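Chemist: How does the following fold in three dimensions:
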Amino acid sequence: MPASRKRVTLRDVATRAGVSVAQASFALNGQGRVAPATVERVRRAAADLDYQVDGRARALRTGQRSAYGVVIRNMRNPFFLDVLRGMEVRAHREGAFLLILSSDYDVDREAAALRRLAAEGVGGVAISPIGRHGPLTDWLPRHPDVPVVAFNRTPDPALSGGARLSTVGPDDGAAVALALGHLRARGHRGATLVVAPEGLAADWGREEEFVRRCEEWGLAGTVVRCHLDHDSVARMVVERLGVGSRGRGGAGGHEAFVVNSDYLGSAVYAAARSLGIRVGRDVSVVGHDDLATSGLLDPGLTTVGLDRELLGDHAMRLLVSPDEDPEGRRVRLPVHLVERDSVALLC
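Modeler: Modelled structure (predicted):
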C-alpha cells in the first residue's frame with residue numbers, strides 16, 4: 001500500500017517562496033503590506049505545492065469561515081442547478097465553497113441538514129425551505145449568529161431571525177399576474193394553480209396573489225394541492241382531465257394549469273400525451289423559470305422567466321456580507337413572460 005501523502009503546510013510554501021511564514025500568510029490572505037512581486041511568488045509556490053488552506057483552523061484563528069451550506073427542496077428540478085451555479089461563481093470569487101444538501105420535501109431531512117451544517121460550523125446557510133413553519137423556524141433562534149438566506153420563500157415578518165435573515169426570490173405577485181393576464185388575454189375564464197400540500201408550501205404568496213387576482217378579474221380560480229414531483233403532478237392532471245377527455249373539467253370547458261416551475265410544467269405534457277390530447281389545444285399550461293429545455297417541448301412552454309443564476313449570486317452575496325446594506329435584505333427579482341404555444345387561444 002502506498003504511503004499517504006504528507007499534508008503541505010504554510011511553512012512549506014514559505015520555504016519554497018523564500019519568505020517568512022508570516023509573509024506567506026499575509027500574501028495568501030491579502031493582508032498586511034507585501035510587495036506585489038512577493039505575493040506572486042508565494043501564490044506560485046502555493047500552486048506548485050497544491051497547498052490547501054485548513055478552513056477549520058483558520059475559522060478558529062480568525063473567526064472567518066469559508067464553507068457555506070445550501071439546502072434545496074428538490075435535487076431533480078434543474079432550476080436549482082442554475083441557482084447553485086450562480087452561488088458557486090460568487091463563492092469562488094470570495095474564496096469560499098459550498099456544502100450542498102437536499103431535503104426532498106421531507107421536514108425531517110431538512111431538520112437533519114440544518115443540524116449537520118451547524119455542526120460543521122458553516123459561515124452561513126442558504127435554504128429553499130419547506131413550509132411556512134418548518135424546521136427553519138425553530139432553528140433560527142438557536143443560531144442567531146449564523147447568516148441565513150431563505151430563497152424561493154415568501155418573506156414573513158413574523159419569522160424570527162433579525163438582521164441575520166434575508167430572503168431572495170422572484171417577484172411572485174408579478175409572476176402570477178403575468179400568467180393569469182396571459183390566460184385572460186387568450187380568452188380563458190379560469191385557471192388551476194398547482195401548489196404543495198398544506199404545511200409544505202413555502203411560497204404561499206403566490207397562492208394569495210392568485211386568489212386575489214382571480215377575484216379582481218372575475219376568473220374562476222381553483223387551487224389544487226399536490227406533492228410537487230413530476231409523477232405526482234402528472235397523475236393529478238390525468239385525474240382532473242379524466243381518461244378519454246378532451247380537456248373537459250376546467251372553467252369554460254378547458255383546463256388551464258399554472259405551475260410554479262417548468263419542471264412541473266413538463267408533467268402536464270406527460271399527462272396530456274398519456275390521454276391522447278395536446279397541450280396548447282386541449283389543455284393549457286403556464287410554467288415558471290424558463291429553463292433552457294422549455295422551448296424544446298412540443299409545443300414550446302409559455303412560462304414566466306427570471307435570471308436564476310442572478311438569484312444564486314444575490315443569495316451568496318448576502319451570506320458573505322451579512323452586515324452590508326441591512327435595508328436591502330429582501331430581494332425580489334424581476335420576472336417577464338416568455339410566450340410560446342402552450343396556451344390555447346379560446347377567443
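Chemist: worst-scoring helix or strand of the chain, pLDDT-wise?
Modeler: helix 55-62 (a mean of 48; mean pLDDT, DSSP states H and E).
Chemist: Check which element follows that one along the chain.
Modeler: The element immediately downstream of helix 55-62 (helix or strand, assigned by DSSP states H and E) is strand 67-72.
Chemist: residue boundaries of the helices in this protein?
Modeler: 10-17, 21-29, 36-49, 55-62, 78-93, 107-120, 135-142, 172-185, 204-217, 230-241, 262-275, 308-320 (DSSP state H).
Chemist: Provide the contact partners of the second one at residue level.
Modeler: This points to helix 21-29. 10-11, 13-14, 17, 19, 31-34, 38-39, 42-43, 45-46, 53 (Cβ atoms under 8 Å, 6 or more residues apart in numbering). C-beta coordinates here come from the backbone N, C-alpha and C atoms, glycine included.
Chemist: repeat that for 7 Å
Modeler: 10-11, 13-14, 17, 32, 34, 38-39, 42-43, 46 (Cβ atoms under 7 Å, 6 or more residues apart in numbering).
Chemist: Buried residues, that helix. List them.
Modeler: 23-28 (16 or more other Cβ atoms under 10 Å).
Chemist: Same question for the first one.
Modeler: By neighbour count on 16+ other Cβ under 10 Å, the buried set for helix 10-17 is 10, 12-14, 16-17.
Chemist: Show me what it is packed up against.
Modeler: helix 21-29, helix 36-49 (3 or more Cβ pairs under 7 Å, 6 or more residues apart in numbering; DSSP states H and E).
Chemist: Could I get the average pLDDT for the longest one?
Modeler: Regarding helix 36-49, the rounded mean pLDDT is 87.
Chemist: Quick one: low-confidence residue ranges for the protein.
Modeler: 1-6, 30-32, 52-65, 157-163, 243-253, 323-328 (pLDDT under 70).
Chemist: redo that, cut-off 80
Modeler: For the chain, the stretches flagged by pLDDT under 80 are 1-7, 28-33, 50-65, 156-164, 243-253, 322-328, 347.
Chemist: Now distance to A292 too, for the helices of the chain, in JSON lines please.
Modeler: Shown next, in JSON lines, are those (distance: least, Cβ to Cβ, whole Å):
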{"stretch": "helix 10-17", "distance to A292": "42"}
{"stretch": "helix 21-29", "distance to A292": "38"}
{"stretch": "helix 36-49", "distance to A292": "34"}
{"stretch": "helix 55-62", "distance to A292": "34"}
{"stretch": "helix 78-93", "distance to A292": "8"}
{"stretch": "helix 107-120", "distance to A292": "28"}
{"stretch": "helix 135-142", "distance to A292": "30"}
{"stretch": "helix 172-185", "distance to A292": "19"}
{"stretch": "helix 204-217", "distance to A292": "23"}
{"stretch": "helix 230-241", "distance to A292": "17"}
{"stretch": "helix 262-275", "distance to A292": "9"}
{"stretch": "helix 308-320", "distance to A292": "10"}
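Chemist: Alright, I will stop here.
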